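1. everything below, folded, please.
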Amino acid sequence: MAIRHFLDIDGFDKRVLTEIMSRAHVMKRDLRDGNTHYGRVANGKTLAMLFEKQSTRTRVSFDVAMRKLGGDAIALNSTDMHFGHRESTADTARVLSRYVDIIMLRTKSHESLLELANFATVPVINGLTDRSHPCQIFADVMTVEEKFGVIAGRTVTWVGDASNNVATSWVHAAARFDFTLRIGAPNSLQPSNEVVQWAKNEGATILISEDPREAVEGSDCIVTDVWVSMGHNDVERRIELLKDYQVNESLMKLASPEAIFMHCLPADRGREVTDEVIDGPQSVVFDEAENRAHAQRAILAWCLEDI
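-> Numbering: from 1, shown residues only. You can find the predicted model right below:
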């Protein structure tokens, strides 16, 4: 059987993604109800977690998810390993495949992820690259579905820097989960034409505006992210460019009365979102963070066994 990598949402058809998502919901309910059926999936198996970039949620949620499946996890950061500098990515893939059963990589370069997957003989999961963040969006879609039943037919609005990896995965998801994605972003920080055109060719409804108020109006879910990420040196320019894209109470009032607010965290409070919103009754950011572990448990299970 072919190795089951989980690299990007756009690489899967709707059926597979829906099956994994359904399993995530079941796993969460079973865990709450004390059903440990899925605790046997990874018995005797080990996950290697490779981190070129710092992490809180990715590291802890993957570790917990693997252990809930009955397996073990090993975390390695850039100071622990030769990955990418003293040893080629291909050789790292070959060596780790002899030691562990599955690999998760959080890296700066999407090309490193693809090379690792190409040479690994065990499944590889994208824990984040400069291109995309599919595990985050899986947890996000799961959170929307917990609130509304299904995400299909709903409207999600991204506000702020839409050129980043999380926004790209939201565009991918719109083409696979059948929801409308609106984007409110400055012209220079909108998703690439290539990504948007791919989604539209796949049947997605993507609407882009430089006016955040227009993008938010009547939406079911408002999503934002930090304006300045690791590796950005143009801090002042970004803040000036995005100052009108803060998610505050005034902006949230334009959304549906039952709208939810999401942020992948960590948040720069007072910049892209106010305390009133992130701590307010419409915020589901901590449900969203929790769902990383449940969604990733389902992804790990899919990689390690047949659904």
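
2. drop to CA atoms for contacts and neighbour counts, all remaining ones
-> OK.

3. mind listing what the residue of the chain most remote from its centre touches?
-> In terms of distance from the mean C-alpha position of the chain, residue 86 ranks first, at 29.5 Å (CA atoms, centre = their mean). Neighbour list for residue 86: empty [criterion: CA atoms under 8 Å, 6 or more residues apart in numbering].

4. gap between it and residue 79?
-> 11 Å (CA to CA, to the nearest Å).

5. pLDDT weak spots in the stretch 151-300 of the chain?
-> Within the stretch 151-300 of the chain, the segments meeting pLDDT under 70 span 230-232.

6. what about the strands in it?
-> 155-159, 180-184, 205-209, 221-224, 260-263 (DSSP state E, counting those that start in this stretch).

7. which one of those has the most crowded surroundings?
-> strand 155-159 (a mean of 26; mean count of other CA atoms under 10 Å).

8. direction included, what does that strand pair against?
-> Strand 155-159 pairs in its sheet with strand 180-184 (parallel), strand 221-224 (parallel), by DSSP bridges.

9. of all those strands, which one is nearest residue 55?
-> Of all those, it is strand 221-224 that lies closest to residue 55, at 18.6 Å by CA to CA.

10. mind listing residues that contact that closest one?
-> Here strand 221-224 makes contact (CA under 8 Å, 6+ apart) with 144, 155-161, 216, 247, 252, 255, 259-264, 272-273.

11. ok now that strand, how far from the chain's centre?
-> 14 Å (CA atoms, centre = their mean, to the nearest Å).

12. over to stretch 266-284?
-> 19 Å.

13. report the buried residues of that stretch.
-> 267, 271, 272, 273, 274, 277, 278, 282, 283, 284 (16 or more other CA atoms under 10 Å).

14. OK, contacts around the closest residue to the third one other than its chain neighbours?
-> The shortest distance from residue 272 to any residue other than its chain neighbours is 4.5 Å, reached at residue 246 (CA to CA, 6 or more residues apart in numbering). Counting by CA under 8 Å, 6+ apart, residue 246 touches 159, 160, 271, 272, 273, 274.

15. what residues are up against the fourth one?
-> I take that to be residue 272. The contact partners of residue 272, by CA under 8 Å, 6+ apart, come to 160, 224, 225, 226, 227, 243, 245, 246, 247.

16. equivalent analysis for the first one, please.
-> Applying CA under 8 Å, 6+ apart, one finds that residue 159 lies in contact with 183, 184, 185, 212, 215, 222, 223, 224, 225, 245, 246, 247.

17. need the residues you listed in CSV with distance to residue 122, can you?
-> What follows is the contacts of residue 159, written out as CSV (distance: CA to CA, whole Å):
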residue, distance to residue 122
183, 37
184, 39
185, 39
212, 43
215, 42
222, 37
223, 34
224, 34
225, 32
245, 42
246, 42
247, 41
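
18. and residue 2, how far from residue 110?
-> Distance from residue 2 to residue 110, by CA to CA: 22 Å.

19. and the pLDDT for residue 36?
-> pLDDT, residue 36: 68.

20. likewise for residue 82?
-> On the pLDDT scale, residue 82 gets 69.

21. export stretch 9-21 as PDB, just CAs?
-> Extracted in PDB, the C-alpha atoms of stretch 9-21 (Å, rounded to 0.1, in the frame of the first residue of the first chain):
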ATOM      1  CA  ILE A   9      -5.300  20.000   1.800                       C
ATOM      2  CA  ASP A  10      -5.100  20.700  -2.000                       C
ATOM      3  CA  GLY A  11      -3.500  17.300  -2.500                       C
ATOM      4  CA  PHE A  12      -6.600  15.400  -1.300                       C
ATOM      5  CA  ASP A  13     -10.100  14.900  -2.700                       C
ATOM      6  CA  LYS A  14     -13.200  15.900  -0.700                       C
ATOM      7  CA  ARG A  15     -14.100  12.300   0.300                       C
ATOM      8  CA  VAL A  16     -10.800  11.600   2.100                       C
ATOM      9  CA  LEU A  17     -10.800  14.900   3.900                       C
ATOM     10  CA  THR A  18     -14.400  14.400   5.000                       C
ATOM     11  CA  GLU A  19     -13.600  11.000   6.300                       C
ATOM     12  CA  ILE A  20     -10.700  12.300   8.400                       C
ATOM     13  CA  MET A  21     -12.800  15.200   9.700                       C
END
